[in-house]
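# test case, fold it:
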Amino acid sequence: MKITEPLRFNYEFARVYKRGIYVSGRYLVMHVFQRTARTSRGRVPVPQGVNRIGVTGSRKIKGAVKRNRAKRLLRESYRLMEPEIQSGYDVILMMKDLEQFPEFLQVQKEMKSLFKRAGLLNAGDTK
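Model prediction:
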């Protein structure tokens, strides 16, 4: 069973945005940063077998209900894909602002495509 922890602090998000890569699709954007094993300034290192995820809701998506629905779709899609994803990464997922809100299956299919393009799917899971 894989463990996923949340990204909590602003500096963690900033590091992913600044030093990571991003992959964009029709419905969502994914930023990825591979963590290293070294520690900095005495902070407790995150184990390499753990992924950390941050889900952001852009204020461009008007209305808290739509923004929270977008975040729920992203979290659930990630949860279902979690066993297929390599560990040791910080990932930020963000839904794009669209007039037509995507269905769950569309989000799930695109998320799998983005993880594949970023090279984060395990070798046996590239269906």
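
# quickly find the element holding residue 15.
Here residue 15 sits within helix 10-19, counting by DSSP states H and E.

# what packs against the longest helix belonging to the chain?
Secondary structure of the chain read by DSSP state H shows that its longest helix is helix 64-81. Applying 3 or more CB pairs under 8 Å, 6 or more residues apart in numbering; DSSP states H and E, we find helix 64-81 packed against strand 50-56, strand 89-95, helix 104-118. For glycine as for every other residue, the C-beta is placed from the backbone atoms N, C-alpha and C.

# which residues touch the nearest residue to residue 53 once chain neighbours are set aside?
The shortest distance from residue 53 to any non-neighbouring residue, by CB to CB, 6 or more residues apart in numbering, is to residue 91 (5.0 Å). Contact partners of residue 91, counting by CB atoms under 8 Å, 6 or more residues apart in numbering, are 16, 30, 31, 32, 33, 51, 52, 53, 54, 78, 120.

# neighbouring strands of the helix or strand following the helix holding residue 15 in the sheet, and parallel or not?
Using DSSP H and E, the next helix or strand after helix 10-19 towards the C-terminus is strand 21-24. Applying DSSP bridges, strand 21-24 is found paired with strand 28-34 (antiparallel).

# can you tell me what sits against the strand it pairs with?
With CB under 8 Å, 6+ apart, strand 28-34 has contacts from 15-17, 19-24, 74, 88-96, 107, 110-111, 114-115, 118, 120.

# quick one on the thing from earlier: and the angle from the longest helix of the chain to helix 104-118?
60 degrees (axes from the mean of the first three to the mean of the last three CA atoms, to 10 degrees).

# how far out from the middle of the chain is helix 64-81?
11 Å (CA atoms, centre = their mean, to the nearest Å).

# per-residue confidence for residue 82?
Note on residue 82: pLDDT of 91.

# tell me how far it lies from residue 24.
Residue 82 is 22 Å from residue 24, where distance means CB to CB, to the nearest Å.
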